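Asker: Fold the stuff below for me.
(4 chains)
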There are 2 protein chains.
Amino acid sequence: MDTGPKIAQVAALVGDPARANMLSALMDGRTLTASELAYVSGVAPQTASGHLAKLSDAGLLALEKQGRRRYFRLASPLVARMLEGLMVVAQEGPARQRNLWRGGETLRHARTCYDHMAGRIAVAIADRLVQQSFILLDEDGGQLTDAGRSFFDELGVDLRLASKRRVFCRPCLDWSERRPHLAGAVGAAILRHALDHDWVEHIRDSRALVVTPVGVRGLATTFGIEGAPPTDGRRAGCITVPRLGSGYPG
Amino acid sequence: MDTGPKIAQVAALVGDPARANMLSALMDGRTLTASELAYVSGVAPQTASGHLAKLSDAGLLALEKQGRRRYFRLASPLVARMLEGLMVVAQEGPARQRNLWRGGETLRHARTCYDHMAGRIAVAIADRLVQQSFILLDEDGGQLTDAGRSFFDELGVDLRLASKRRVFCRPCLDWSERRPHLAGAVGAAILRHALDHDWVEHIRDSRALVVTPVGVRGLATTFGIEGAPPTDGRRAGCITVPRLGSGYPG
DNA sequence: GAAATACTACGGTCTTGGCCGAAGTGTTTG
DNA sequence: CAAACACTTCGGCCAAGACCGTAGTATTTC
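Answerer: So this is what the prediction gives:
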């Protein structure tokens, strides 16, 4: 039962700040180029190249070549899940200036997690679906009830898009709420539906989502969520995530 | 709000082979001493000491001092979950570790704690003895009543074996149940009685105990405990959400 | 073809941190 | 009390690896 060394290898890979930054940036399922990842991780391209090679060799990242660029993304939802687990523990530390967070509030409210939603809103949705017996969740799996199936049918959410290979429905522990939200094909479908109907919008290039006025109504009628947008007056939380889009040197 | 560095810190902690071995050994919920952890991790005690300090400081391990020993255990189920996530990625396949976790269930049911019993069964025994006024317990001590003395006499438990020097009867906080079970000479006598009468058996070289069919009857008639064998707390389709915040003593 | 772009390979520097021997603290035993 | 035991602290050794400058290899653009 010598699992120790194996998990040490993986953990050591994530244990470098530069690599951890890269993985964090990829958490929402985006694909980024080597240059972009070098920038977000704060190291020179040569250094980043080495890191990316290691991460790819270890099977944490998937690589796609296109012309002179290399696009990287997380190799599988399992990797995202692993990172979520680390985040949960990492957040637990001594209660420092937790409020020092800027824009953290927005992230806590709603964000993407790989390909589904996370944050208060997502947890509330999961709660509602469970409470209504549309979904049955246990520690690491879940399933749709018949009632749930028709609920999503009426909503116009097509769950048949789900590939057979991927997990259909599972809980994903939310690092900000410490309670599960929905991942898997069902979670992805809900996010797609929310984006398609303009319930939520991406903020710039971050993982944060804002709930639109339309979304407030939609969430209320569909899921019974009273969730107003994070703040009223000023812009719902200025995300302080370093700009990815325009900040590249050169 | 950059989560990268934080998860890097945690991951780097797990990223050392010696520390990873320690954490793996604790995955099943056991409590191990510094020496034992030094052994399983394959490093000298001095080195292990440093590792354990780091893991404790980071909040991954919980520490309990007893005498000249230090007992370590995973600080929370969230840590176990994180390790599980790493294992999944590390070994490219379905987590077989499920079995270990099941073993944790066995530990929670009945195990030895030094020289006495711990776990659900032990807590139930203590409850019963207190409820029957056979034993009076307070915060850090306890005493046998006359009724209790004759109860043990009839049972054939010889309490006079107790060395003079050792504590006769005291409560010991059960880490899995978070309620006290019996330690001291009385606790030791109960365990000896249970082993002598084949009520329980040691599992392999672990501290886990299984309750035999004989034991089920014995516990029922003697202590009025309905305790079926390790009830194997299988699914029961329950939501585990509420358990996230609790389950382990802080 | 030449230049710019995106990325990779190599080599040398330098910090980090794991490791253990020796010595020290606190606890139990006899 | 002394000895055994469990663990920690200190100090020096050493290797792993993160980093970047330089110099490459593809690919696209002009």
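
Asker: so where does the nearest residue to A:Pro45 once chain neighbours are set aside fall, helix or strand?
Answerer: Nearest non-adjacent residue to A:Pro45, counting by C-beta to C-beta, 6 or more residues apart in numbering or on different chains: A:Ala38, 4.7 Å away. The way it works is simple: take the backbone N, C-alpha and C, and place the C-beta from them, glycine included. For A:Ala38, the enclosing helix or strand under DSSP states H and E is helix A:34-41.

Asker: quick revisit: so how many other residues sit close to the residue nearest to A:Pro45?
Answerer: 23 (other C-beta atoms under 10 Å in any protein chain shown).

Asker: about what we covered before: what residues sit buried inside the helix or strand following the helix holding A:Ala38?
Answerer: Counting by DSSP H and E, the next helix or strand C-terminal to helix A:34-41 is helix A:45-57. Buried positions in helix A:45-57, judged by neighbour count with 16 or more other C-beta atoms under 10 Å in any protein chain shown: A:Ala48, A:Ser49, A:His51, A:Leu52, A:Leu55.

Asker: Kindly reformat these as JSON lines containing distance to B:Pro5.
Answerer: Below are the buried residues of helix A:45-57 laid out as JSON lines (distance: C-beta to C-beta, whole Å):
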{"residue": "A:Ala48", "distance to B:Pro5": "16"}
{"residue": "A:Ser49", "distance to B:Pro5": "21"}
{"residue": "A:His51", "distance to B:Pro5": "15"}
{"residue": "A:Leu52", "distance to B:Pro5": "19"}
{"residue": "A:Leu55", "distance to B:Pro5": "17"}
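
Asker: ok, longest helix in chain A?
Answerer: Ranked by residue count and defined by DSSP state H, the top helix of chain A is helix A:77-91.

Asker: and the angle from it to helix B:77-90?
Answerer: With axes from the mean of the first three to the mean of the last three C-alpha atoms, to 10 degrees defining the directions, helix A:77-91 sits at 150 degrees from helix B:77-90.

Asker: got a list of contacts for helix A:77-91?
Answerer: Residues outside helix A:77-91 that contact it (C-beta atoms under 8 Å, 6 or more residues apart in numbering or on different chains) are A:10, A:14, A:23-24, A:27, A:29, A:60, A:74, A:113-115, A:166-167, A:172-176, A:178, A:183-184, B:3, B:6-7, B:9-11, B:59-60, B:78-79, B:81-82, B:84-86, B:88-89.

Asker: I would like a ChimeraX command selecting only the buried ones among these, please.
Answerer: To isolate the buried ones among the contacts of helix A:77-91 in ChimeraX, judged by 16+ other C-beta under 10 Å, type:
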select /A:10,14,23,24,27,29,60,74,113,114,115,167,172,173,174,175,176,183,184 /B:3,6,7,9,10,11,59,60,78,79,81,82,84,85,86,88,89
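
Asker: now, which of the contacts of helix A:77-91 lie within helices?
Answerer: Using DSSP H, these in helices are A:10, A:14, A:23-24, A:184, B:3, B:6-7, B:9-11, B:78-79, B:81-82, B:84-86, B:88-89.

Asker: quick revisit: OK, contacts around the residue nearest to A:Pro45?
Answerer: Neighbours of A:Ala38 in contact, by C-beta under 8 Å, 6+ apart: A:Ala44, A:Pro45, A:Thr47, A:Ala48, A:Ser49.

Asker: try 10 Å this time
Answerer: By C-beta atoms under 10 Å, 6 or more residues apart in numbering or on different chains, A:Ala38 lies in contact with A:18, A:22, A:32, A:44-49, A:51-52, A:248-249.

Asker: And for A:Lys6?
Answerer: By C-beta under 10 Å, 6+ apart, the contact set of A:Lys6 is B:Pro17, B:Ala20, B:Ser24, B:Leu86, B:Met87, B:Val89, B:Ala90, B:Gln91, B:Glu92.

Asker: what do you get for A:Ile190?
Answerer: By C-beta under 10 Å, 6+ apart, the residues touching A:Ile190 are A:116-117, A:122, A:125-126, A:129, A:152, A:155, A:157, A:159, A:181-182, A:199, A:222-223.

Asker: which element is it on?
Answerer: Assigned by DSSP H and E, A:Ile190 belongs to helix A:184-196.

Asker: For that helix, what is the distance to the chain centroid?
Answerer: 12 Å (C-alpha atoms, centre = their mean, to the nearest Å).

Asker: Now it: buried residues?
Answerer: Within helix A:184-196, the residues that count as buried by 16+ other C-beta under 10 Å are A:Gly184, A:Ala185, A:Val186, A:Gly187, A:Ala188, A:Ala189, A:Ile190, A:Leu191, A:His193, A:Ala194, A:Leu195.

Asker: how near is the residue lying closest to A:Arg120 once chain neighbours are set aside to DNA strand C?
Answerer: Excluding its sequence neighbours, the residue lying closest to A:Arg120 (C-beta to C-beta, 6+ apart) is A:His109, at 5.3 Å. For A:His109, the distance to DNA strand C (C-beta to the nearest atom of the strand, to the nearest Å) stands at 33 Å.

Asker: Could you report the pLDDT at A:His109?
Answerer: Predicted confidence (pLDDT) for A:His109: 86.

Asker: returning to what we had before: downstream neighbour of the longest helix of chain A in the secondary structure list?
Answerer: Once the chain leaves helix A:77-91, the next helix or strand it forms, by DSSP H and E, is helix A:104-109.

Asker: Tell me who's in contact with A:Ala75.
Answerer: Residues counted as contacts of A:Ala75 (C-beta under 10 Å, 6+ apart) are A:Leu26, A:Leu55, A:Ser56, A:Ala58, A:Gly59, A:Leu60, A:Leu61, A:Ala62, A:Leu63, B:Val89.

Asker: Setting aside sequence neighbours, what's the nearest residue to it?
Answerer: Nearest to A:Ala75 is A:Ala62, by C-beta to C-beta, 6+ apart, at 4.5 Å.

Asker: picking that back up, what is the nearest of the contacts of A:Ala75 to DNA strand D?
Answerer: The nearest member of the contacts of A:Ala75 to DNA strand D, counting by C-beta to the nearest atom of the strand, is A:Leu55 at 10.2 Å.

Asker: residue contacts, that closest one?
Answerer: A:13-14, A:16, A:19, A:22-23, A:26, A:37, A:61-63, A:72, A:74-75, A:79.

Asker: Could you measure from the residue nearest to A:Arg170 when sequence neighbours are not counted over to A:Cys169?
Answerer: Leaving aside its chain neighbours, A:Arg170 sits nearest to A:Gly184 (4.6 Å; criterion: C-beta to C-beta, 6+ apart). Shown here: A:Gly184 relative to A:Cys169, a distance of 5 Å by C-beta to C-beta, to the nearest Å.

Asker: same check, this time on A:Gln46
Answerer: Taken as C-beta to C-beta, the span from A:Gln46 to A:Cys169 is 43 Å.

Asker: so how far is A:Ala34 from whichever residue of chain A sits closest to DNA strand D?
Answerer: Nearest to DNA strand D, among the residues of chain A, is A:Gly67, at 3.0 Å (C-beta to the nearest atom of the strand). Distance, A:Gly67 to A:Ala34, by C-beta to C-beta: 13 Å.
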